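Novice: Coordinates only, no sequence provided:
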């Protein structure tokens, strides 16, 4: 394999490993009702995205309605361990980017660790019932319904 095809293969694999466990989660029929989404989670839906793109620990946010530039304060770096292989996804204490209807670009602060390397999610597009995740030039598509619930952070880490 050439170096470019190896990077492409690893990037796709990383996205699959990061997002596939989320798609296999089944709702618990006996759980208590979820609290209403926060203002930033509601803001995501106003732009055509599900609330599950951000963790439930969001403490604040700001958005420039003209440029679309945003900042989300998570309150501290957090992680989500994805079963069954224990891949680690991290959210920095601050996530930045630009958002317009159906597109989030220039994302900084969301990563997944696989094969001893951190991979940054750089963009997300809404495409009908799907979300298209970008890692540089590589993309992967997943049903947006996989992100209907905000993940809870398991703890803090120092690699933000």
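Specialist: Yep, it's here. Fair warning: this is a prediction, and the values are worked out from it, not measured in the lab.
Novice: quick one: low-confidence parts of the protein?
Specialist: Residues of the chain meeting the criterion pLDDT under 70: 1-36, 81-87, 114-115, 155-160.
Novice: And the strands in it, which stretches?
Specialist: Using DSSP state E, the strands of the chain run over residues 60-63, 69-73, 78-82, 87-100, 103-114, 117-120, 123-127, 130-135, 138-143.
Novice: what bridges to residue 73?
Specialist: Residue 73 forms beta bridges with residue 60, residue 94, as assigned by DSSP bridges.
Novice: Who are the contact partners of residue 80?
Specialist: With contact set as CB atoms under 8 Å, 6 or more residues apart in numbering, residue 80 has these partners: 55, 88, 89, 90, 91, 151, 152, 153, 154. Using the backbone N, CA and C atoms, a C-beta is placed for each residue, glycine as well.
Novice: Save these as a markdown table, and put in distance to residue 65 too.
Specialist: Shown next, in a markdown table, are the contacts of residue 80 (distance: CB to CB, whole Å):
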| residue | distance to residue 65 |
| --- | --- |
| 55 | 24 |
| 88 | 34 |
| 89 | 29 |
| 90 | 29 |
| 91 | 24 |
| 151 | 27 |
| 152 | 29 |
| 153 | 28 |
| 154 | 33 |
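Novice: hang on, residue 54 packs against residue 92?
Specialist: No: here residue 54 does not reach residue 92: they are 12.0 Å apart, not a contact under CB atoms under 8 Å.
Novice: Give the burial count for residue 93, as a bare number.
Specialist: Applying other CB atoms under 10 Å, we find 16 other residues in the vicinity of residue 93.
Novice: Disregarding residues adjacent in the polypeptide, which is nearest to residue 130?
Specialist: Excluding the flanking residues, the one nearest residue 130 by CB to CB, 6 or more residues apart in numbering is residue 141, at 4.8 Å.
Novice: residues contacting the closest residue to residue 38 other than its chain neighbours?
Specialist: In this structure, residue 38 finds its nearest non-sequential neighbour in residue 58, 5.6 Å apart by CB to CB, 6+ apart. Contacts of residue 58 were listed using CB under 8 Å, 6+ apart, and they are 38, 40, 41, 72, 73, 74, 75.
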